[in-house]
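In: make a model of this:
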Amino acid sequence: IAIISKEAEGSMRDAESLLDQVVSFAGNNVKDEQIMEVLGIIDRALIYKTSQAIIDGNSTVCLDIINEIYNYGYEVKEFYKEIMVQFRNLIVALVSHNTSNTLDLPDNELQEITKQAKQATLERLIQSLNFLINREADLRYTTNPRIALEAILLKLAGLKEYISFDELLGKIEEIENRLNTSRRIAYDKQPEPTLIKEKYPEKKPAPDDGKKWSEFLRYIATKNKAMANVLKKWKSYTLTADTLELSNEEGSFTGNYFKDSEHSDNLIAYARAFFHPDFTVLFTKQNQPKKDVKKGSKEDRLPSTVSDILDIFEGSIVKES
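Out: Here you go, the predicted model:
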């Protein structure tokens, strides 16, 4: 009854017509498999198998499922619609506290879809649903729906290889911790290097300020990771008991960061909380030195703002083919 009701989409006349078709084919004792065969309904087990293969990143199972679809004569576009609904239901099951009210599914399916949803992150499920929505037109207008469906499912299975934003932040924090450890070791074992003064000299902190500066950066990282990463890129700082003076190249990404009053006010608040209530933060400008323009790779010719962002997030330029 639930299967016929779903296919009728609320129409009593359609439900009676579908029921007559089933009874005339299978008699009075009707099984679910016979209903799906008569009405051409895609087996729900195949839908769950597909979503599980996508979550697991199993490309082989995805291709086997497409073979099943064509062997049983299922409509490809109908199958695609069911997969979209399945990922919508997975998202709802993951965020809803009462799935019985938000999902129109029998109890056994509610348990199954909740169990499956917990195997993936919300970000991954939303990413998969958005991909299905964006590629729906490709499947609708293609002259070879099988190839299009194979490409879509294989791409969805491959989404597991992409790193999420939370994982990216975790990776950045791990790299920062390793760098801080290596810097502490370097400070303990190596003498202060002698720097040759250029045309645009930079202010160097006193040797005994390095430890306090590192502690201050770690404190800021617990409050605002983005600000901590920006401060690490600043060219010069001078730290005393009552004052922090920062200097960077005018016009650079990190140099413009504290032009935003909200950013500068937050930094002053962090400094006063870390040092003492009367602590002062000063910002000074530094003219950007002229550089000779030479031929090189594309990354060498990137704008300084882009280079700064790539350095902070350890990114690289990927050329799309």
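In: poorly predicted segments of the chain, please.
Out: For the chain, the stretches flagged by pLDDT under 70 are 1-41, 160-168, 182-209, 235-236, 249-255, 285-321.
In: the same query, at a cut-off of 80, please.
Out: Judged by pLDDT under 80, the chain has its weakly predicted residues at 1-42, 100, 104, 106, 160-171, 173-174, 176-210, 232-237, 247-259, 283-321.
In: show me the domain layout of it.
Out: 42-161, 196-313 (automatic domain parsing).
In: and those, which is most packed in?
Out: Greatest average neighbour count among the domains of the chain goes to domain 42-161 (a mean of 16), per mean count of other C-beta atoms under 10 Å. The way it works is simple: take the backbone N, C-alpha and C, and place the C-beta from them, glycine included.
In: distance to Ile175 added to the domains of the chain, as a markdown table?
Out: Below are the domains of the chain laid out as a markdown table (distance: least, C-beta to C-beta, whole Å):
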| stretch | distance to Ile175 |
| --- | --- |
| domain 42-161 | 20 |
| domain 196-313 | 10 |
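In: and Glu174, which of those domains is closest to it?
Out: When those are ranked by proximity to Glu174, the top entry is domain 196-313, at 12.4 Å, counting by C-beta to C-beta.
In: sorry, back to before: which one of the domains of the chain lies closest to Glu173?
Out: domain 196-313 (7.3 Å).
In: before we move on, back to that, nearest to Glu176, out of the domains of the chain?
Out: domain 196-313 (7.1 Å).
In: Glu173 and Cys62: what is the separation?
Out: 34 Å (C-beta to C-beta, to the nearest Å).
In: can you say which of the domains of the chain is nearest to Asn177?
Out: Closest approach to Asn177 among these is made by domain 196-313 (9.4 Å; C-beta to C-beta).
In: in the protein, mark out all the strands, start to finish.
Out: Per DSSP state E, the chain carries strands over the ranges 236-239, 243-249, 280-286.
In: switch those over to a markdown table; also include distance to Glu215.
Out: Supplementary listing: the strands of the chain in a markdown table, determined by distance: least, C-beta to C-beta, whole Å:
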| stretch | distance to Glu215 |
| --- | --- |
| strand 236-239 | 11 |
| strand 243-249 | 13 |
| strand 280-286 | 16 |
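In: out of those, nearest to Ile47?
Out: Nearest to Ile47, of all the strands of the chain, is strand 243-249, at 55.5 Å by C-beta to C-beta.
In: packing partners for that closest one?
Out: strand 236-239, helix 253-257, strand 280-286 (3 or more C-beta pairs under 8 Å, 6 or more residues apart in numbering; DSSP states H and E).
In: that one: partners in the sheet, and parallel or antiparallel?
Out: As defined by DSSP bridges, the strand partners of strand 243-249 come to strand 236-239 (antiparallel), strand 280-286 (parallel).
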